[in-house]
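**Q** when you get a sec, could you give me coordinates for this:
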Amino acid sequence: MNRRQLRILIDKLKRKFRFRSGLNFRRKRVRVRGEQVRFYGIWAAEILAVILLAFLLTRGFGMRVVCSGESMETTIPENSSLWVNRIVYKVSDPKKGDIIAFLPRGNANASYSVKRVIGIPGDTILIQNDKLYVNEQVIPLKGEQTGIREEGRAATEITLGEDEFFVLGDNVNNSEDSRYETVGNVKRGDIYGKVWFITSFHGFGSVD
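**A** Below is the predicted model of the structure:
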């Protein structure tokens, strides 16, 4: 094979493999770069999602109030730190038996008060002969209380408005609650959230 024939053969081989070889290398580079962009994009999105979830959980479930005084003993010890669920009442209304944190009379300068919901909108409340009546039915008191010594406003029947709630402390004979004008019927808009967890050392766990 002379030099001319050898050159022709080399040119044919170059033409045969040039397109395939160059295209494959280019595809490999593009694929590697695309995988890197996708990997870092997913990684960044996951971090942002975790941060957002932590923020929402903290804002919704981790807001804290302090239960000052002994009005909720023995359910909640005095001066306990409490976590408040602020989300639940965005999608539903407070129910009888819920323990809520609220601003008495809507006073933004006051400390949050913690009490149990006894009556909901439309209910009638009456305290008579040491007994609590809701819609003319006797309601047993929480804990070891044997009777209510002070009737307060509830000595005469109270009918709750469409956005009003009646609250009592579990330690009812040592509680300032809806029986007194300083608290009165609690407005829906003054309710901060539902108390769900105690974080103090002398009381740790969910609230019932």
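**Q** can you give me the helices for the protein?
**A** Listed in chain order, the helices of the chain (DSSP state H) span 3-61, 88-91.
**Q** compare the ones you listed and say which comes out lowest on pLDDT.
**A** Here the helices of the chain differ in mean pLDDT, and the lowest is helix 3-61 at a mean of 61.
**Q** how much space separates the closest residue to F165 other than its chain neighbours from E150?
**A** By the measure of C-beta to C-beta, 6 or more residues apart in numbering, the closest residue to F165 outside its immediate chain neighbours is V186, 4.6 Å from it. C-beta: built from backbone N, CA, C; applies to glycine. Per C-beta to C-beta, to the nearest Å, V186 is found 18 Å from E150.
**Q** which one of the two is surrounded by more residues?
**A** V186 (27 against 13; other C-beta atoms under 10 Å).
**Q** wait, the more buried one sits on G161?
**A** No. With contacts counted by C-beta atoms under 8 Å, V186 stays clear of G161, the gap being 10.9 Å.
**Q** buried sites along stretch 138-155?
**A** For stretch 138-155, a neighbour-count test (16 or more other C-beta atoms under 10 Å) marks 141-142, 145, 148, 151-154 as buried.
**Q** revised request: answer the last question for stretch 92-104.
**A** Quick answer for stretch 92-104 (16+ other C-beta under 10 Å): 94, 98-104.
**Q** can I get these in TSV with distance to V207?
**A** Shown next, in TSV, are those (distance: C-beta to C-beta, whole Å):
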residue	distance to V207
P94	14
D98	10
I99	6
I100	11
A101	11
F102	15
L103	19
P104	20
